[in-house]
Every structure is written in structure tokens, then in C-alpha cells.
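Novice: Need the 3D shape of this:
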Amino acid sequence: MHTLFIADLHLCEKKPKIVNKFLYFLQHHAIHADALYILGDLFDIWIGDDYYTPLHEKIISALKKLTNIGVPCYFIHGNRDFLIGKCFANASGVQLLPEKKY
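Specialist: Numbers count the residues shown, from 1 in each chain. Predicted coordinates for the structure are as follows:
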């Protein structure tokens with residue numbers, strides 16, 4: 001088993017190939033991981049937990065399937081998705097990690 005790290009995917013409707021590759025990655029590779037860490041900028045833009053697009057819902061659903069089978073997923077905010085909050089975390093099963101202050 002192994003731990004996976006991803007960062008800076010910048011998922012958006014304008015880049016469906018990247019979205020489809022990420023969904024494939026979750027369904028075929030991440031399911032075998034000990035954990036998945038998302039290191040910011042999963043989405044190209046996230047304006048708040050009160051606004052979901054069909055793309056957001058698709059990604060949330062895929063992450064929820066992954067966490068439901070027991071693969072823990074951890075999320076660190078990036079500069080493009082720093083507004084991801086508890087609603088996203090609850091819907092996707094992803095655990096939000098706190099920002100480390102130095």
C-alpha cells in the first residue's frame with residue numbers, strides 16, 4: 001500500500017480531460033492507497049461552500065465514494081480554493097487540515 005499526494009490540478013469545466021483523468025485516478029488508483037493528500041488548488045476556483053456547480057458535485061461524489069470505502073483523504077487549502085469549508089468536507093468525506101502557522 002502507499003500514500004498518494006496530488007496538487008494543483010485546477011479542475012474546471014474548460015478542461016474536461018483533466019477532470020476525467022482525475023476521476024479515473026480516484027476510481028482505479030486511489031482506491032488502493034493508504035491515504036490521499038490533496039495539497040491545494042484542487043479546483044481552479046472555489047467561491048464558497050454555498051455554490052456548487054455540476055463539476056463540483058461530480059468531484060464531491062467521487063471523493064465521497066473513495067472515503068466511504070475507507071481511504072482517508074486529507075485536504076490542504078491552496079490560493080485558488082481557500083474558501084473550501086466544512087460543507088465540502090462533510091459532503092465529500094475529506095478531512096480539512098489546518099494551515100500551519102510559522
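Novice: For the nearest residue to Gln95 once chain neighbours are set aside, which residues are in contact?
Specialist: Residue nearest to Gln95 in three dimensions, not counting chain neighbours: Tyr74, with 5.2 Å by CB to CB, 6 or more residues apart in numbering. In short, each C-beta sits where N, CA and C put it, glycine included. Tyr74 makes contact with Ala35, Leu36, Tyr37, Ile38, Val94, Gln95, Leu97, according to CB atoms under 8 Å, 6 or more residues apart in numbering.
Novice: Just list whatever residues bridge to the first one.
Specialist: Here Ala35 sits in beta bridges with Thr3, going by DSSP bridges.
Novice: That one and Val94: what is the separation?
Specialist: Taking CB to CB, to the nearest Å as the measure, Ala35 and Val94 are separated by 11 Å.
Novice: The two: who's more crowded?
Specialist: The neighbour comparison of Ala35 against Val94 (other CB atoms under 10 Å) goes to Val94, with 22 against 15.
Novice: can I assume that one is in contact with Phe88?
Specialist: Yes - distance between Val94 and Phe88: 7.1 Å, which falls inside the contact criterion (CB atoms under 8 Å).
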